[in-house]
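Asker: sequence and computational prediction follow.
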Amino acid sequence: MLENIRAALPGINISETSYPERGYHLAMDAGREQILKVVGFFDNNGFCLEDLCCVDYVDHLELVYFFNKHSEPYRVKVAVRLEPDKPAAPTISDIYAISHWYEREIHEFYGVYFENHPNLAYLFLHDGIDSYPLRKNMTKVPEEDKRLLGSSVYKESEDTFFVNLGPQHPSTHGVLRVIIKMDGEYILSSEPMLGYLHRMHEKMAENRNYAQFIPNPGRMDYLGALNFNLAYVETVEKLSGIAVPERALYIRTITCELNRIASHLLWIGAFLADLGGLTPFLYAFDDRENILDILEGVTGSRLTYSYFRFGGLYNDVDERFKDGARAFIQRMWKRLDIYDQLITKNVIFINRAKGVGILDRNMVRKFGCSGPVIRGSGIPFDMRKVEPYAAYSNTDFEIPVGANGDIMDRYLIRVREIETSLQIIGSALEKLPSGPFNAEKVPKILKPPKGDVYHTVESPRGQLGVYLVSDGSETPYRMRWRVPSYSNLMTFPYLAQGTLIADAIAILGSLDLVIPEIDR
Amino acid sequence: MGKRSIYLETKDPIIKFALVEKVLDLARANSLWPLQFGLACCAIEMMSTAMARFDMDRFGAGIFRSTPRQADLMIVSGTVTKKMAPLLVTLYEQMPSPKWVLAMGNCAISGGPFVYEGQYNVVEGVDLLVPVDVYVPGCPPRPEGLLEGLMKLEEKITGTRRFPTPEKRW
Amino acid sequence: MKTLIEFYPVLIFLLVAIGFGVAPLIIAFLIAPRTRGEKTRNTYECGVEPFGGAWIRYSAVYYVYALIFIAFDVDVLYLFPLAVSYTRGGNAYEFYSLLVFIALLALAVIYAWGKGVFTWKRKIL
């Protein structure tokens, strides 16, 4: 692999990095003119664009591209250096569809101008902002750019009309606004508008200690808060080289899997409520309250947990937790029959879900989807198997994979994932070792060494990645969160084109979005 | 976008008797219909409050309306950002009176954990936009907390607390 | 005049029905508080300003729904006096003429069914 890359891209500085320390296999430094060639090479060889972000070192800006392959883990980091005033770069949104939004985000936060981009309007920020927020020094937006950043203008014709699937809507799972152009009952085109819940997590990371930032990841995705906590804590541990004791790894696995079950249960309830079936909502929340009781006894909160610390956990688990978890597993296996009878064998649900919203494999690679969306299209890409973390390498489980890529497959995968999680919890409880639950000698004010690291975790929605750049001080220099709902949402305009609006709502529900993690 | 102050012109009803008002207040307090305005994490706790365990429907407040035309209680659950602020004010104005606002969670009360020096996107408290009647603190508040907030609102409407305070256990 | 007296209950029924509908409106007008904000009378569209017009040309396919509506609605309208007068007689001739009448009215619905109005294509484009 390395030889192929070196042969195909001469003249570019390529260096191999140690994967357990850095999280990526290869680091490349490219110039601005070589971006298109490099990206074209990766596209032809079946790589997908995992993340595209920008870091502001004060004397230059650096665009960082992360490429990865679905079939085997091989992560490549490409860094492009840009000059700080009037930075410009060519766009890659015709090669990888997902970079359309990444580039809009970088433009409004850093001021990087992407040539030939179809529409460089605001994504997250509102119209009153007059400086680029994520730059280290205050940089004002120049006047001609302010016109560029204004919201898009819609031209209506006599036959079509525009409808707002607005921020305040029961089916948008948060504050997502979709502007739909309709012809009668069919959708001609749709455009999601984000930013109604932009809570500046990435900017806050630069103003807070590593320890002070621990409550924030839980607020990003409140349904899978422990997975986000795990991603953050493991990234910092990877960078600082802190070793976590065995018992903590197993407990982290058990609690993350319980959280995954809770998130999938809520998704089942909310998804069926979108389709009009209000009964499963009550059943799902009943089971979910059970899990929340178990987790509350250990962590102290019901929804937005901050349970993990650097080097271990906040609290040890006691017998009540273990007994509760075992009782819950017994109960849940029987309850899954209810969901089977109520939903999976329901004629109305099958008619609404089978054959709708089919996402094929090539589009999956272009959009960089992850999670049940990519597994529904037949690619077995699960970070718990591909890049194991915590105690997942010691537990054996099967990843459910779908065949068609329609809504029914994504639903069935999530139900099977609940069963998989129950198996993981059962086997991890058997193997739970005794010992300390916290690493010793972790300083209160943590100062990781200089460098950057990338770590990914499987959240209930897909692949979650954290790219952390540290400059040796006690606050992070740049923390970038690669969230799964962002790339999953990008497929919605493609999937919803030409469908009935009822089917479009079903597709939006099946993607399992949580908007605060998109808006960060 | 940014902030827009509300302009509300209220007129008294044509016929106003004390007895009629008392009966009407009792009726209104017993059947507050919330507007579905879940913004962030607190919305999940609001949904939990409406579910089978902490049933909000037994107090009459179980039907969440999607349209403000049929709602009289707006539970602002979650952070209000500057992009969302004009929409919140529009929805508040589109609700018919009498209407109440319940600010749920720390973000709706005063910006919550997202207020730091140099922040640019969070409105520090929903009472900068609309008049708030009851504040329910917590991040997120427990469902029992939200129910207590509902009881306080009913006490504010009718003048007396109609359900006993749960006795303290410790 | 004698036959007109039989219709007095209908008149009372009519007046009470109208009163039943109008009285809550009057009561609400008298005792409800009135509030008016800047955006109160606007069209509700999830909190944002609606843009684009709503007076568009609809697809021609929707005329068939108007046809079916007429078929169903007028069917029912004609069936009311039919049902009232049917109980008076008792020969088979009335039953068969009723069947023929319903079959003629149902032809419109069967035409629409054959045209494929009841199935929607799941995805265009």
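Answerer: Received the coordinates, thanks. Treat the numbers as computed from the prediction; the structure is a model and nothing was measured.

Asker: contacts for the biggest helix by length in chain B, please.
Answerer: Scanning chain B for the helix with the most residues, using DSSP state H, yields helix B:143-158. Identification of contacts with helix B:143-158 by C-beta atoms under 8 Å, 6 or more residues apart in numbering or on different chains yields B:22, B:25-26, B:28-30, B:32, B:45-46, B:48-49, B:53-54, B:56, B:59, B:61, B:73, B:75, B:100, B:102, B:104, B:133-138, B:141, B:161-163. The C-beta positions use only the backbone N, C-alpha and C, and glycine is treated the same way.

Asker: flag every residue of chain B that's near chain A.
Answerer: B:1-2, B:35-41, B:43-45, B:47-48, B:51-53, B:64, B:66, B:78-79, B:81-84, B:87, B:91, B:113-114, B:116-122, B:139-140, B:142 (C-beta under 8 Å from any C-beta of the partner chain).

Asker: ok, now with 6 Å
Answerer: Proximity of chain B to chain A, by C-beta under 6 Å from any C-beta of the partner chain, involves residues B:1-2, B:36, B:39-41, B:44, B:51-53, B:66, B:79, B:81-84, B:87, B:114, B:116, B:120-121, B:140.

Asker: do chain C as well
Answerer: Near chain A, when you scan chain C using C-beta under 6 Å from any C-beta, you find C:45-48, C:52, C:56-57, C:59, C:123-125.

Asker: strands along chain C, start to end?
Answerer: C:34-37 (DSSP state E).

Asker: find the closest residue to chain A in it.
Answerer: C:C46 (2.0 Å; C-beta to the nearest C-beta).

Asker: gap between that residue and chain B?
Answerer: 8 Å (C-beta to the nearest C-beta, to the nearest Å).

Asker: and that residue, what does it touch?
Answerer: Contacts for C:C46 (C-beta atoms under 6 Å, 6 or more residues apart in numbering or on different chains) come out as A:164, A:166, A:168-169.

Asker: what about residue 85, neighbour count?
Answerer: In the absence of a named chain, this looks at chain A. A:D85 has 9 neighbouring residues, counting by other C-beta atoms under 10 Å in any protein chain shown.

Asker: that's the wrong chain, I wanted chain B
Answerer: Neighbours of B:A85 (other C-beta under 10 Å): 22.

Asker: now, of the residues of chain C next to chain A, which are buried?
Answerer: C:45-48, C:52, C:56, C:123 (16 or more other C-beta atoms under 10 Å in any protein chain shown).

Asker: take the residues you listed and lay them out in TSV including distance to A:P217 and pLDDT.
Answerer: Shown next, in TSV, are those (distance: C-beta to C-beta, whole Å; pLDDT from 0 to 100):
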residue	distance to A:P217	pLDDT
C:E45	34	77
C:C46	29	76
C:G47	29	74
C:V48	30	76
C:G52	40	69
C:I56	46	75
C:K123	38	78
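
Asker: quick one: low-confidence residue ranges for the chain.
Answerer: Since you didn't name a chain, this refers to chain A. A:1, A:144-159, A:171-172 (pLDDT under 70).

Asker: my question was about chain C, not that one.
Answerer: Using pLDDT under 70, the flagged stretches of chain C are C:1-2, C:52-54, C:87-90.

Asker: ok, whatever residue of the stretch 251-400 of chain A ends up closest to chain C - contacts?
Answerer: Nearest to chain C in the stretch 251-400 of chain A, going by C-beta to the nearest C-beta, is A:V356, at a distance of 6.7 Å. By C-beta under 6 Å, 6+ apart, A:V356 lies in contact with A:406-407, A:503.

Asker: for chain B, what spans make up the strands?
Answerer: B:8-11, B:34-35, B:73-77, B:100-104, B:134-136.

Asker: ranking the ones you listed by burial, who's on top?
Answerer: strand B:73-77 (a mean of 27; mean count of other C-beta atoms under 10 Å in any protein chain shown).

Asker: the residue nearest the centre of chain B bridge partners, please.
Answerer: Residue closest to the mean C-alpha point of chain B, counted by C-alpha atoms, centre = their mean, is B:L102 at 2.2 Å. Taking DSSP bridges as the rule, B:L102 bridges to B:I75, B:V134.

Asker: so the nearest residue to A:S189 once chain neighbours are set aside: helix, strand or coil?
Answerer: Excluding the flanking residues, the one nearest A:S189 by C-beta to C-beta, 6 or more residues apart in numbering or on different chains is A:K181, at 4.8 Å. Here A:K181 is recorded as strand under DSSP: H, G, I helix; E, B strand; the rest coil.
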